[in-house]
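Enquirer: Give me coordinates for this.
(2 chains)
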2 protein chains.
Amino acid sequence: MEKNWAVQDFYPEELSHCYGCGSKNEHGYQLKTYWEGDETVSRVTPRDYHTAIPGYVYGGFLASIIDCHGTGSAAAAMYRAENRPMDSLPAFRFVTASLQVNYLKPTPIGVELEVRGRIKSINGRKVLVEASVYANGIETVKGEILAVQMPDSFLSK
Amino acid sequence: MEKNWAVQDFYPEELSHCYGCGSKNEHGYQLKTYWEGDETVSRVTPRDYHTAIPGYVYGGFLASIIDCHGTGSAAAAMYRAENRPMDSLPAFRFVTASLQVNYLKPTPIGVELEVRGRIKSINGRKVLVEASVYANGIETVKGEILAVQMPDSFLSK
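Expert: Modelled structure (predicted):
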């Protein structure tokens, strides 16, 4: 069976230090984002100290995983739009222009969270991604991020 | 000279475990929010691993400090609206209903960041707060949070 690669597996090494999704950031969340059909999916389990009030996940953590899931989804979408594999060059890497997060209900801590994204539009260097967080299969957070392709000057590799 | 207390200094102990602003969360940011005239101010220095790309602060960290600054500002505003000190009971504690963050420019890492908030409106149990992050005096992030007073059942103290 073919390995299902995450888009972050192909981020250039010097752009893999993000606290949310950089494979080289040993302190961070190391989020990984995969295609599942036309949706993008990341799964992550918060640490026990990522609390808001005891028993529930900190809102900043939830905003963070929506953010990184969004930039990862944007990169994945751009490869698809260009009909080329994620290991082809030049690499795509996005930054966040804006982030909107709605907290629908408290997110319980202690379970794996699933972030699912949908590509709303691609417009030049901008990709709009809608994403939701699910805990135990229940949608607890819904967000939208506008991701913008990083200037080429940042991509030396 | 009178001590300038932070609103978080009066959060009930069982509600002081937030990763962003809980004094009891030893892993977290322990954000503290003060009045300066009609603005609220928090100051925080990201750790060196809170990076997005090397040299710049991770967007999730920035969203997180706007989030906690917003809930703290909402509580502070509600005490003022009721014309009572922050150490009076019942305590105010807010959660985030929604968060909007615009990344205006990259935020350099390695310097203390200042978050400044303005109360836009108080409507029953809801407080709308506008907040900006400044690095070296330059506004790099602008956000808005809608904070909602936590249900009384959470406040046993």
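Enquirer: list the buried ones in stretch A:72-83?
Expert: Going by neighbour count (16 or more other Cβ atoms under 10 Å in any protein chain shown), the buried part of stretch A:72-83 is A:72-79. To be clear about C-beta, it is placed using only N, CA and C from the backbone, and glycine gets the same treatment.
Enquirer: count of neighbours near A:Gly124?
Expert: 7 (other Cβ atoms under 10 Å in any protein chain shown).
Enquirer: Is it possible to get CSV of the buried residues of stretch A:72-83 that adds pLDDT and distance to A:Leu146?
Expert: CSV is the format used below for the buried residues of stretch A:72-83 (pLDDT from 0 to 100; distance: Cβ to Cβ, whole Å):
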residue, pLDDT, distance to A:Leu146
A:Gly72, 96, 14
A:Ser73, 97, 12
A:Ala74, 97, 9
A:Ala75, 95, 14
A:Ala76, 96, 16
A:Ala77, 97, 13
A:Met78, 96, 14
A:Tyr79, 95, 19
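Enquirer: Same list (those residues) but as JSON lines, adding secondary structure and distance to B:Gly110.
Expert: Formatted as JSON lines, the buried residues of stretch A:72-83 follow (DSSP: H, G, I helix; E, B strand; the rest coil; distance: Cβ to Cβ, whole Å):
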{"residue": "A:Gly72", "secondary structure": "helix", "distance to B:Gly110": "26"}
{"residue": "A:Ser73", "secondary structure": "helix", "distance to B:Gly110": "30"}
{"residue": "A:Ala74", "secondary structure": "helix", "distance to B:Gly110": "27"}
{"residue": "A:Ala75", "secondary structure": "helix", "distance to B:Gly110": "27"}
{"residue": "A:Ala76", "secondary structure": "helix", "distance to B:Gly110": "31"}
{"residue": "A:Ala77", "secondary structure": "helix", "distance to B:Gly110": "33"}
{"residue": "A:Met78", "secondary structure": "helix", "distance to B:Gly110": "31"}
{"residue": "A:Tyr79", "secondary structure": "helix", "distance to B:Gly110": "33"}
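Enquirer: wait, doesn't A:Ile122 sit right on A:Arg80?
Expert: No: contact criterion Cβ atoms under 8 Å: A:Ile122 and A:Arg80 do not qualify, at 9.3 Å.
Enquirer: Now do the shared contacts for these two.
Expert: Common contact partners of A:Ile122 and A:Arg80 (Cβ atoms under 8 Å, 6 or more residues apart in numbering or on different chains): none.
Enquirer: Now do the helices for chain A: every range, in order, please.
Expert: Along chain A, counting by DSSP state H, helices occupy A:59-81.
Enquirer: Show me where it dips below the pLDDT cut-off.
Expert: A:1-2, A:153-157 (pLDDT under 70).
Enquirer: Around chain B, which positions in it sit nearby?
Expert: Chain A has residues A:14-15, A:17-20, A:22, A:25-28, A:47, A:49-54, A:58-61, A:63-65, A:67-68, A:95-103, A:106, A:150, A:154 near chain B, with proximity defined as Cβ under 8 Å from any Cβ of the partner chain.
Enquirer: Show me those that map onto strands.
Expert: Among those, the members found in strands (DSSP state E) are A:95-103.
Enquirer: can you put those in TSV and add neighbour count?
Expert: Converted to TSV, those look like this (neighbours: other Cβ atoms under 10 Å in any protein chain shown):
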residue	neighbour count
A:Val95	21
A:Thr96	24
A:Ala97	16
A:Ser98	17
A:Leu99	27
A:Gln100	19
A:Val101	27
A:Asn102	15
A:Tyr103	23
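Enquirer: Nearest residue to the middle of chain A?
Expert: A:His69 (1.0 Å; Cα atoms, centre = their mean).
Enquirer: Could you check how far that one is from chain B?
Expert: For A:His69, the distance to chain B equals 11 Å [Cβ to the nearest Cβ, to the nearest Å].
Enquirer: Now do the residue lying closest to that residue once chain neighbours are set aside against A:Gln8, distance only.
Expert: Spatial nearest neighbour of A:His69, excluding adjacent residues (Cβ to Cβ, 6 or more residues apart in numbering or on different chains): A:Val115 at 4.4 Å. From A:Val115 across to A:Gln8, the span is 13 Å (Cβ to Cβ, to the nearest Å).
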